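Student: kindly return the folded structure for what I paste below:
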Amino acid sequence: MLPLEFTEYTRKLFGEDRWQRYLSAFDADTPVSIRLNPFKIGDGECIFEDNRGDDVPWCRNAFYLKERPDFTCDPLLHAGVYYVQEASSMFLDRVLQQYMPSDMQQALDLCAAPGGKSTLLRAVLPDGVRLYSNEPDRRRANILME
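Tutor: Numbering: from 1, shown residues only. Have a look, this model is predicted:
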């Protein structure tokens, strides 16, 4: 249940039609998207062939899955062949493709845990660019070391 103060404010802000669509989104299935690691899987290699949905249009090597598998038991996940990531977070790929300076020498991810942005950055950055990944929250930093 959403807090009453939030509900009243947001309903007024959205208007009734948009508010009802917002509420119905809570009952909808959450899309599942993954991004392949180009350092661990070659072009044309397929995983999730029977479960593969549409490509994520703003990110290379990324696509939606038709249904959510049990990722915890998948050795390909643990080997880093792919990363489960919300498609909206993958927009960084498009931004970097368009705006990354050609003479870039280093990149910094200051909120790096659990590692989605850093792994995407590493895949997009040209060879020779040094990537620094740091997580200031000590509780989240351990996952980054993995």
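
Student: tell me which helix or strand of this protein sits lowest on mean pLDDT?
Tutor: The weakest-scoring helix or strand in the chain, judged by mean pLDDT, DSSP states H and E, is helix 138-145 (a mean of 77).

Student: show me what contacts the residue nearest the centre of the chain?
Tutor: What sits nearest the mean C-alpha location of the chain, by C-alpha atoms, centre = their mean, is residue 85, with 3.0 Å. Residue 85 makes contact with 33, 34, 35, 62, 116, 120, according to C-beta atoms under 8 Å, 6 or more residues apart in numbering. (Glycine included, C-beta is placed from N, CA and C.)

Student: contacts for the host helix or strand of the second one, please.
Tutor: Assigned by DSSP states H and E, residue 34 belongs to strand 32-36. Contact with strand 32-36 is made by 47-48, 56, 59, 61-65, 67-68, 81-87, 90, 119-120, 123, as judged by C-beta under 8 Å, 6+ apart.

Student: and that strand, how far out from the chain middle?
Tutor: Distance of strand 32-36 from its chain centroid, counting by C-alpha atoms, centre = their mean, to the nearest Å, is 7 Å.

Student: helix or strand next in line after that strand, which one?
Tutor: Following strand 32-36 in sequence, per DSSP H and E, is strand 52-55.

Student: neighbours around residue 145, how many?
Tutor: Neighbour count of residue 145, defined by other C-beta atoms under 10 Å: 9.

Student: residues in contact with it?
Tutor: With C-beta under 8 Å, 6+ apart, residue 145 has no contacts at all.

Student: any idea how far residue 64 is from it?
Tutor: 30 Å (C-beta to C-beta, to the nearest Å).

Student: isn't residue 118 right up against residue 112?
Tutor: Yes: contact status for residue 118 versus residue 112: in contact at 4.9 Å, counting by C-beta atoms under 8 Å.

Student: any residues in contact with both of those two?
Tutor: 133, 144.

Student: what pairs with the strand holding residue 34, and is each one parallel or antiparallel?
Tutor: strand 62-65 (antiparallel), strand 82-84 (antiparallel) (DSSP bridges).

Student: what mean pLDDT does the longest one have?
Tutor: Looking at strand 62-65 alone, the average pLDDT works out to 96.

Student: touching that strand from outside, list them.
Tutor: 31-36, 48, 51-56, 85, 87, 90, 93.
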